[in-house]
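J.: after the sequence you'll find the predicted model.
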Amino acid sequence: MTTTLLQIDNLDYKKKNHTILQNVNLEIDLGHFVGLAGLNGAGKTTLMRLIAGTAYSSTGTISLAGDKNVAQRKSHLSFSDELRGFNKYTRVHDIQSFYETVYPDFSNERYHELAQFLELQDDDRLGSLSKGMRERLTIALTLARKVPLYLLDEPFSGIDVLSRKKIIKGLLSWVDDESTVVISSHHLEEIKDILDQIVIIKDQTIFTHQDTETLIAKEQCSLEDYFEKIYTREVQDDKL
Ligand SMILES: Nc1ncnc2c1ncn2[C@@H]1O[C@H](COP(=O)(O)OP(=O)(O)OP(=O)(O)O)[C@@H](O)[C@H]1O
């Protein structure tokens, strides 16, 4: 039996009179790892912000775990876009304490496991962290919440290749089976082993949403090759 977690209907989004996304319809069930792909500027971050309620559209509807209200939606998701409000002197453990206070679903136990695995130091100040270490902290904080939906926006772009491989494998064990993770990435080959679905944004809308295994069997090519093909118009969309 499948259970719908996220349902988006007829969503349009404009910024300064410029259409960013139009006629977005998407349904994602519980318990999946979903890759979100698209060229630079396709609208991946925008779509995540709309789902997370940090961007707002007056058209269409977004329902998460049955809730359309933004405040309720936010309680069902953890979005990797939140390290902004802290100043550079804030220590890692203060950010963790803040998360613990603000989010009732924050698991200190899971955070400590993640922090150890990601080699985070409690006393480090935000300003002293490299880009990759900030990303590790973001991953730990985002995944330490126990929610049905995780939105990870380019979570590994600054992390070195060896650590990235280790972290990608680890993702499967840090997330409850019934939760869904949506990961945007420009490196589909790197995350292909953990993905079971792929969503591609093209021409300001959802070009395709498919099971990765079905897609690979049907197209007889890798996810990255498929991604290239759709931009050279060799394939038609085939939505789930
Ligand atoms: N604050 C803003 N004001 C105006 N346009 C914006 C703003 N934020 C994003 N956009 C535009 O919205 C479009 C989608 O941007 P978005 O960041 O969602 O794309 P993306 O797929 O995440 O790109 P990338 O892969 O480069 O991160 C782009 O054309 C971008 O220029």
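T.: Structure received.
J.: what residues does the chain put near the ligand?
T.: 15, 16, 20, 38, 40, 41, 42, 43, 44, 45, 46 (CB under 6 Å from any ligand atom). Any C-beta I mention is one placed from the backbone N, CA and C, and that applies to glycine too.
J.: quick one: low-confidence parts of this protein?
T.: 1-2, 82, 234-240 (pLDDT under 70).
J.: now do the strands in it.
T.: 4-15, 18-29, 33-37, 61-64, 77-79, 149-153, 180-184, 197-202, 205-211 (DSSP state E).
J.: reformat those strands as a markdown table; add mean neighbour count.
T.: Formatted as a markdown table, these follow (neighbours: other CB atoms under 10 Å):
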| stretch | mean neighbour count |
| --- | --- |
| strand 4-15 | 17 |
| strand 18-29 | 17 |
| strand 33-37 | 24 |
| strand 61-64 | 19 |
| strand 77-79 | 24 |
| strand 149-153 | 23 |
| strand 180-184 | 23 |
| strand 197-202 | 22 |
| strand 205-211 | 20 |
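J.: ok so, going back, identify the farthest-apart pair in the residues of the chain next to the ligand.
T.: 16 and 38 (20.3 Å; CB to CB).
J.: neighbour-wise, which of the two wins?
T.: The neighbour count for residue 16 versus residue 38, taken as other CB atoms under 10 Å, is higher for residue 38 (21 against 5).
J.: so what are the domain limits for the chain?
T.: 1-76+149-235, 84-146 (automatic domain parsing).
J.: what about the last one, start to end distance?
T.: Domain 84-146 has an end-to-end distance of 21 Å (criterion: CA to CA, to the nearest Å).
J.: let's have the chain start at 758 instead
T.: Taking 758 as the first residue, the last one we looked at is domain 841-903.
J.: so which of the residues of the chain next to the ligand belong to helices?
T.: 801, 802, 803 (DSSP state H).
J.: what about these, which one has the most neighbours?
T.: Neighbour max across those (other CB under 10 Å) = residue 801, 23 neighbours.
J.: wait, that one sits on residue 941?
T.: Yes: the pair residue 801 and residue 941 qualifies as a contact (CB atoms under 8 Å) at a distance of 4.2 Å.
J.: anything in contact with each of these two?
T.: 793, 794, 795, 910 (CB atoms under 8 Å, 6 or more residues apart in numbering).
J.: looking at it, the last one is touching residue 802, isn't it?
T.: Yes: the pair residue 910 and residue 802 qualifies as a contact (CB under 8 Å) at a distance of 5.5 Å.
J.: run a quick neighbour tally on the closest residue to residue 982 other than its chain neighbours.
T.: Spatial nearest neighbour of residue 982, chain neighbours left out: residue 976 (7.7 Å); criterion: CB to CB, 6 or more residues apart in numbering. By other CB under 10 Å, the residues close to residue 976 number 17.
J.: quick one, helices of the protein?
T.: Counting by DSSP H, the helices of the chain are 801-809, 827-831, 849-859, 865-874, 888-901, 918-931, 945-948, 969-976, 980-988.
J.: can you give me the buried ones in the second one?
T.: Along helix 827-831, the positions that meet the burial threshold by neighbour count (16 or more other CB atoms under 10 Å) are 830, 831.
J.: what is that helix packed up against?
T.: If you count contacts as 3 or more CB pairs under 8 Å, 6 or more residues apart in numbering; DSSP states H and E, helix 827-831 packs onto helix 801-809, strand 818-821.
J.: same list (the ones you listed) but as TSV, adding distance to residue 856.
T.: Listed next are these as TSV, based on distance: least, CB to CB, whole Å:
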stretch	distance to residue 856
helix 801-809	16
strand 818-821	20
